[in-house]
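> any chance you could fold what I've pasted below:
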Amino acid sequence: MPTRRQERVSSRIQEEISELLQQRVRDPRLTYVTVTKVEITADLKLATIFVSALGDQKSRDDALAGLQHASRYIRRELAQRLQMRFAPELRFMLDDTWEHVARVESLLEQLQNTPPSNEVDASAQERE
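Residues are numbered from 1 along each chain as shown. Next up is the predicted model:
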């Protein structure tokens, strides 16, 4: 469970990176990237930034490559903005939460459209 300090720093990092991506980073691969969540270690030295990107798998992989390419710049900007003793090392990961949600919803919809097994058996007996 994260401490209040971890939560505050994570929230601040999410805000700052979102702002940097919108206003300062000019990489076209990062046009439709959204920072969804930031997790930081207890010692505040490693931040995992979860991002979502629009498009197919290739464009998401390109976005992740663009973030890796810009990570030194983003880290340097964070160091100036956060004024912490150490700027955390940044690790970017794709957030697949929406894909999982869509898959679960699809499976639930399939279950709703499938008749219960008792009805299938009863209709088969009626035909005989």
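> which intervals of this structure have sub-threshold pLDDT?
118-128 (pLDDT under 70).
> can you pull out the helices in it?
If DSSP state H is used as the criterion, the helices of the chain fall at 4-23, 57-82, 97-113, 117-127.
> rebuild these as CSV, extending it with mean neighbour count and distance to residue 91.
For the C-beta atoms, the positions are set from N, CA and C on the backbone; glycine is no exception. As requested, these are exported to CSV (neighbours: other CB atoms under 10 Å; distance: least, CB to CB, whole Å):
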stretch, mean neighbour count, distance to residue 91
helix 4-23, 16, 12
helix 57-82, 16, 8
helix 97-113, 10, 17
helix 117-127, 9, 47
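> quick one: the residue positioned nearest the centre of the chain from residue 101, how far?
With distances taken as CA atoms, centre = their mean, residue 95 lies nearest the centre of the chain, 2.6 Å away. For residue 95, the distance to residue 101 (CB to CB, to the nearest Å) stands at 11 Å.
> just to revisit the earlier point, in TSV: the helices of the chain, plus distance to residue 39.
Output for those, formatted as TSV (distance: least, CB to CB, whole Å):
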stretch	distance to residue 39
helix 4-23	6
helix 57-82	15
helix 97-113	13
helix 117-127	43
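> for residue 35, find the nearest of the ones you listed.
Proximity to residue 35 (CB to CB) singles out helix 4-23 among the helices of the chain, at 4.9 Å.
> between that closest one and helix 57-82, how many degrees?
Angle of helix 4-23 versus helix 57-82, following axes from the mean of the first three to the mean of the last three CA atoms, to 10 degrees, is 120 degrees.
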